[in-house]
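Student: Next come a sequence and a model predicted from it.
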Amino acid sequence: MEEALNNRVAKLEFRADAQDTEIKALKKTQETFGESLKAIEKILLQIKWALYGAGLFAACNWLGVKEVITKLVLH
């Protein structure tokens, strides 16, 4: 009886150790995903501002600088 109990305790300890290892790996993965998401967000912001700049440049070429400035200021 005592040997069976010791075996069960040993199995539970092994499972707990395995789960601790899994949890540590998941936390590392979560940190990596978080860093990746921050990098993606930064790239998307750069793209957004590049598009704003390109739109402003296109508007200046199409309408003229004076008209674009007056439209931006008055609207």
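Tutor: Here it is on my side, so go on. In this text, all values refer to a predicted model and were calculated from it rather than measured experimentally. Residues are numbered from 1 along each chain as shown.

Student: What score does L56 have for pLDDT?
Tutor: In this model, L56 is scored at 87, pLDDT.

Student: before we move on, what about G64?
Tutor: pLDDT at G64 comes out at 84.

Student: Tell me the spacing between it and T70.
Tutor: 10 Å (CB to CB, to the nearest Å). Placement of C-beta: from N, CA and C, glycine included.

Student: Same check on I23?
Tutor: Here the criterion is CB to CB. By it, I23 lies 61 Å from T70.

Student: What's the first helix or strand after the longest helix belonging to the chain?
Tutor: In the chain, with assignment by DSSP state H, the single longest helix is helix 2-63. Beyond helix 2-63 on the C-terminal side, the first helix or strand identified by DSSP states H and E is helix 65-74.

Student: distance between that next one and the chain's centre?
Tutor: The chain centre lies 37 Å from the centre of helix 65-74; the measure is CA atoms, centre = their mean, to the nearest Å.

Student: Would you mind listing the buried residues in that helix?
Tutor: Neighbour counts using 16 or more other CB atoms under 10 Å place V68 of helix 65-74 among the buried residues.
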